[in-house]
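S.K.: All I have is the shape, not the residue letters:
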């Protein structure tokens, strides 16, 4: 008898959660988690109920806490996926080439000139950049020196040389013949501008 009462309570709770979800949510959000009730079925239960906008003093959502019920399987929420940051991917790609030789006109994967390194590094992140440093100087949103973020393409010497800002006042670049790809202070060359691809 007690077992039937528990089953009915679990079923009613699952149906109630599904009904409440259907009434308050236009669609199940991506952050739903499945709850399996033995003998009843599996239900997607959202992590929060969205509250309609325009209610003064009301929160935008209410978190749903699913209590532990014997025999009901509630998996732990999936960990948040890491942000896919193309700028950081480009920085990582450029830094992976530190020590490679400078070769005029080379665009990788084992030798680079300045714009070839920028183009190759962004290609590894799925972004297409123009081939020359002059064209790269205009390939994105202009950024002032005090607003630089890792991944910004920095122009030097009036636009004839490019490097990538990596943070902490440094750039990675392929500087000149006889010098490998290296990290250098941004202040070691005359700044001509920067863009964020």
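M.R.: Good, I have the coordinates. Predicted model, so just to flag it, every value in this text is computed and none were measured.
S.K.: Spell out, range by range, the strands that occur in the chain.
M.R.: Under the criterion DSSP state E, the chain contains strands at 33-37, 41-45, 48-50, 61-63, 141-142, 153-156, 161-167, 170-173, 182-185, 191-196.
S.K.: So what's the residue count around the nearest residue to residue 179 once chain neighbours are set aside?
M.R.: Once flanking residues are discounted, residue 179 sits nearest to residue 102: 5.6 Å by C-beta to C-beta, 6 or more residues apart in numbering. C-beta here means a position set from N, CA and C on the backbone, and glycine is covered the same way. Look at residue 102: counted by other C-beta atoms under 10 Å, it has 21 neighbours.
S.K.: check contacts around residue 102.
M.R.: Contact analysis of residue 102 by C-beta atoms under 8 Å, 6 or more residues apart in numbering lists 111-113, 174-181.
S.K.: Next, count neighbours for residue 141.
M.R.: For residue 141, using other C-beta under 10 Å, the count is 9.
S.K.: I misspoke; the intended subject was residue 89.
M.R.: As a burial measure, residue 89 scores 17 neighbours (other C-beta under 10 Å).
S.K.: before we move on, back to that, would you list the contacts of residue 102 in JSON lines and tack on distance to residue 137 and pLDDT?
M.R.: Shown next, in JSON lines, are the contacts of residue 102 (distance: C-beta to C-beta, whole Å; pLDDT from 0 to 100):
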{"residue": "111", "distance to residue 137": "23", "pLDDT": "96"}
{"residue": "112", "distance to residue 137": "18", "pLDDT": "97"}
{"residue": "113", "distance to residue 137": "15", "pLDDT": "97"}
{"residue": "174", "distance to residue 137": "16", "pLDDT": "97"}
{"residue": "175", "distance to residue 137": "17", "pLDDT": "91"}
{"residue": "176", "distance to residue 137": "18", "pLDDT": "91"}
{"residue": "177", "distance to residue 137": "22", "pLDDT": "90"}
{"residue": "178", "distance to residue 137": "25", "pLDDT": "91"}
{"residue": "179", "distance to residue 137": "21", "pLDDT": "94"}
{"residue": "180", "distance to residue 137": "24", "pLDDT": "96"}
{"residue": "181", "distance to residue 137": "20", "pLDDT": "97"}
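S.K.: Can you select the buried ones from those in PyMOL?
M.R.: Per 16 or more other C-beta atoms under 10 Å, the buried members of the contacts of residue 102 correspond to this PyMOL selection:
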select buried, resi 111+112+113+174+175+181
